[in-house]
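*Asks:* could you look at this predicted model? Sequence included:
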Amino acid sequence: MQQQLQDVFDRYTGEQSELIPILQDIQDVFGYIPSEAMSETARFLNLPASTVYGVTTFYAQFHLSPQGRNRIHVCQGTACHVRGAEKIITAIQAHLGIAPGETSQDFEFSLEGVACFGSCALAPVLVVNDTVYGKVTPAQAVDILEALR
Amino acid sequence: MPTLTIDGRTVEAKPGATVLQTALDAGIYIPHLCHDEQLEPYGGCRMCIVDIDGSRGLPAACTTQVAEGMVVRTDTEPVNRVRRMVCEMMIADHPDECLSCTVNQTCGLQKVAAYLGVRSQRLATTGRQAVTDASNEFFHRDLRKCILCGLCSRVCHELLGVGAIDIAGRGFASRVTPFGDTGIGESTCESCGQCVDICPVGALTGKNEALPPVRTVNTICPYCGCGCGMELGIRNNRIVRVRGDRGNPASRGSLCVKGRFGLDFVSASDRLTTPLIRRNGRLEAATWNEALDLVAARLIAIRTAHGAAAIAGFSSAKCTNEENYLFQKTMRAAIGTNHVDHCARLCHASTVAGLARAFGSGAMTNSIAELEHSDCIFVIGSNTTEAHPIVALRIKAAARHGAQVIVADPRRIDLVRFAAVHLRQQSGTDVALLNAMMHVILQEGLADEEFIRARTEGFAAWRPTVIDFTPEQGEAITGVPADRIRQAARIYARSRQATIVYSMGITQHTTGTDNVLALANLAMLTGNLGKEFTGVDPLRGQNNVQGACDMGALPNVLPGYQAVDDAAVRDKFENAWSAALPDQPGLTVVEIMHAAVAAEIRALYVMGENPMVSDPNLNHVRKALAATEFLVVQDIFLTETARMADVVLPAAAFAEKDGTFTNTERRVQRVRRALDPPGQARPDWQILGDIARRLGYPMQYRHPAAIMAEIAAVTPIYGGVSYDRLQPHGLQWPCPDADHPGTPYLHQDTFKRGRGLFHVTPFRAAAELPDAEYPYLLTTGRVLYQYHTGSLSRRTQGLERIAPPGTFEIHPRDAEREGLAGGDPVRLYTRRGSIEARAIVTSRSPEGTLFMSFHYGEAAANTLTNDALDPVAKIPELKVCAARLEKRPDTTGGR
């Protein structure tokens, strides 16, 4: 891990304002932000580790645990909520056995609820690995996921 | 000054002040929860919103700067309606447990709710799941009560520079937490408790604060030389709470873990409560009359048989000025000996000797508060964060404001986090480092020639001695890369206002005086003296070591550094004291030990010192104390030294007596009686009066104030000091007369000795260096959680659990070579003795160097240390000796 982190740090100067880009790079490398990486980032930027932890946990984009190969985002914005987002989540949850914020044991899938994608015309919206699926039904959602295995 | 209108009142504000601070200063209450004047404006709680003419919306008063002509309304219904809503939302998340809460009636949320007329929990509770955490030794965290004002995490970051906690998560999941949501006991928290002090609600509370105090007494912390003001909360003759005194100019309300949580010793069950006399080899309880009569009779007998020079005394840097004054007066006037010294010999004797030679005064030149405004702080041989935690806060603040900090220390101490440069010189090579820096300053034309010409002498003779000493030569001796030496020299010399801060790492060497003189040279060379925010600042170790020196608890000077061998001075004191005084300087601490072994010193009177742990080469100290015919120890505990005594006299602790301490910045501050002493224990000043009377020298005072009046009369630097003038901020000496305001910084227009004097300081190696037989360099120091010989700090169990005895630091490469893992037991050997200790494997200490703290009698580092002396100051070389180690079989299964 040390070498991979060093490769990330080598791209930066050590200014404290570089914290978020560094965390993004680390997540690109590891798929999540390991605890040791936060400590090392704190050392590199001469910041208290608690501050790095505070920033990492503030942003939904950062994950503190390894994520599944496929990242599922279910929109829970107002429009999607009205058009049945909860049912989609319930279906996925029943199918994969994971709640929002969790990752399946085989690390194939991570499930997350998201506040709004801004694609309300397509509600309810499901986004899997940056691909947007509009007007999905619970059954379609399960099919989309199964196709990815 | 901008003028504004608040609630119809015309108020003058400081330029740049906030509306909130201006209103509060004017006595206008605006409800607030996240504001503290010591922290940056935050604007988090939205409680201080106000209505300002011409302003859009309702701005937060704490983040709005005043402007000329501003019209502010703080208490209108539209404003209060919004505040009430915010308050109700906080209360919805807050457990309804006020009656059983520690901060009931002092709670900030209660105060705000009462002001706004919020009377019930109107909004449905959200059922927040929040942690409670008892993992800190001294305080509880109950995050159910947390209102997320952020005061605790901001004080930890902004004021302490620790940053153990921060707000993590977002929205409803927000919480104040250490890294990784661990218990705070596993975090980088230093347990200073500043967060507990500042928490407006019951989320952070002291573990021992179940009962609130019924009265409070303001006094001065008994630990280190920072001289922090503390407010003792008293109930049932015990200290039940300690708070920082915000009005104290040295500490401004801050305290470290020892000051806030480490006062258990005062009411410890093993305090001495009765005099003890050795009978048939055992110390047995006796009456005061028996004990005092015996002390006087034995001292008189020894003086009759062997002369007054056969009697010596150790005064105490823990006792008050008044008591130190009486101690040396007793030794000199009642007994007739100048053999009086104290632990300053072991810490700053080289400072007193060196700075007195260079400048004419051996004290810290500038003030603690000034550090914050320096452009450059050169910290050398001072682990400030651990040994002087509150002074370190000012250095960290300076760094935050953009000052360049240079740290010169073999170990990677905490302040390195704030440093622009870290110079890791090998222990004992400071003179070479400093000479090389001064070479760079001369070579590159960075010297302040005007200052040198106008204010100093000896420059022409000194200059050739460093002009050929290049950074490369410096590197060869110190191990610091030449370029880094250059960099440090340039930063220091180019700063407009640069300060030097140093401590034992400079003084406790056989070259201690040279080290100090070299620092004096550096400051004079760059003109960093005699003005604000500059100077040479030795940090004094004990709460009153400055005062003990000022009071003449030294063998060569009477109070106020007036030489005993000056006939005019002696005349003055002989008249004032109505006694004949010895005219030859007496012996120093280590010399007294040698003289005791040689049977030249027959009786030793020890007040509040513990040489059996604090002094170098303890096996020799034990021999010396055993060799005395008569040993008196006056202390609050049966210390390692007291156990060897013939008579033990029980004394009152700092909280049980009136008096004054003088802190490291020469500030004389009032110490106040808050408790009754236990049993028959009595204040040292009363005991000394009774001893002197029995020696045929009447010396009675009704109160320490009367002693201070006498001190002022004979001590010019304390001439204007009196108890009524010490409220509320104390006085910094020199304070020659009753109208003098005291002196924040020395040498303003002229040095005490006239001109500052350059001294030639060639590099000399330490007395004992690693060799084939003893391959490691052993150095000693303090840790944050313990203090000195542990008599005080080790009686607080929490401190003892955080910093248990018997460990030493070793570099990972050395550990690997020795086959050691963390926690492995070893036996450490030097030419003087050996002790058992367990390894802490860390790169904090450099390769080849072992570090050990000296606080613990049962694993006493000073069994190992070298008592070789600096030829001038007679300070022993506690910081460098040669050691070897042997791995031991682990019989306890490690820890």
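*Replies:* Perfect, I can see it now.
*Asks:* what helix or strand is the spatially most central residue of chain A located in?
*Replies:* Nearest to the geometric centre of chain A sits residue A:61, at 5.1 Å (C-alpha atoms, centre = their mean). Of the helices and strands defined by DSSP states H and E, none includes residue A:61.
*Asks:* ok, it - contacts?
*Replies:* The neighbours of residue A:61, taking C-beta atoms under 8 Å, 6 or more residues apart in numbering or on different chains as the test, are A:24, A:27. (Glycine included, C-beta is placed from N, CA and C.)
*Asks:* where does it land on pLDDT?
*Replies:* Confidence at residue A:61, expressed as pLDDT, is 87.
*Asks:* from chain B, how far off is it?
*Replies:* Per C-beta to the nearest C-beta, to the nearest Å, residue A:61 is found 12 Å from chain B.
*Asks:* again, but for residue A:76
*Replies:* 14 Å.
*Asks:* I'd say that residue and residue A:111 touch.
*Replies:* No: counting by C-beta atoms under 8 Å, residue A:76 stays clear of residue A:111, with 11.9 Å between them.
*Asks:* who touches both of these two?
*Replies:* Counting by C-beta under 8 Å, 6+ apart, the residues touching both residue A:76 and residue A:111 are residue A:89.
*Asks:* what helix or strand is residue B:779 located in?
*Replies:* Assessed by DSSP H and E, residue B:779 sits inside strand B:776-781.
*Asks:* okay, now residue B:279: neighbour count?
*Replies:* Applying other C-beta atoms under 10 Å in any protein chain shown, we find 10 other residues in the vicinity of residue B:279.
*Asks:* around chain A, which positions in chain B sit nearby?
*Replies:* For chain B, the residues in contact with chain A (C-beta under 8 Å from any C-beta of the partner chain) are B:153, B:157, B:162-170, B:177-180, B:187-188, B:417.
*Asks:* doesn't residue B:712 make contact with residue B:720?
*Replies:* Yes: Residue B:720 is in contact with residue B:712 according to C-beta under 8 Å; the separation is 7.0 Å.
*Asks:* got the residues of chain A near chain B?
*Replies:* A:35, A:38-39, A:42, A:46-54, A:57-60.
*Asks:* in PyMOL, how would I select the buried members of these?
*Replies:* What follows is the PyMOL syntax for the buried subset of those, where burial is set by 16 or more other C-beta atoms under 10 Å in any protein chain shown:
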select buried, chain A and resi 38+39+42+47+48+49+50+51+52+53+54+57+58
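*Asks:* quick one: contacts for residue B:599?
*Replies:* Applying C-beta under 8 Å, 6+ apart, the residues near residue B:599 are residue B:627.
*Asks:* list phi and psi for it.
*Replies:* phi 60, psi 20 (degrees, to the nearest 10).
*Asks:* chain A versus that one, what's the distance?
*Replies:* Taken as C-beta to the nearest C-beta, the span from residue B:599 to chain A is 58 Å.
*Asks:* look at that residue and report its pLDDT.
*Replies:* pLDDT, the model's per-residue confidence, is 94 for residue B:599.
*Asks:* repeat that for residue B:357.
*Replies:* 93.
*Asks:* burial measure for it, as a count.
*Replies:* Residues contacting residue B:357 under the criterion other C-beta under 10 Å number 17.
*Asks:* got the contact list for it?
*Replies:* Contact analysis of residue B:357 by C-beta under 8 Å, 6+ apart lists B:513, B:517, B:757, B:759.
*Asks:* can you redo those as JSON lines with secondary structure, pLDDT and neighbour count?
*Replies:* Output for the contacts of residue B:357, formatted as JSON lines (DSSP: H, G, I helix; E, B strand; the rest coil; pLDDT from 0 to 100; neighbours: other C-beta atoms under 10 Å in any protein chain shown):
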{"residue": "B:513", "secondary structure": "helix", "pLDDT": "94", "neighbour count": "26"}
{"residue": "B:517", "secondary structure": "helix", "pLDDT": "96", "neighbour count": "26"}
{"residue": "B:757", "secondary structure": "strand", "pLDDT": "95", "neighbour count": "20"}
{"residue": "B:759", "secondary structure": "coil", "pLDDT": "95", "neighbour count": "19"}
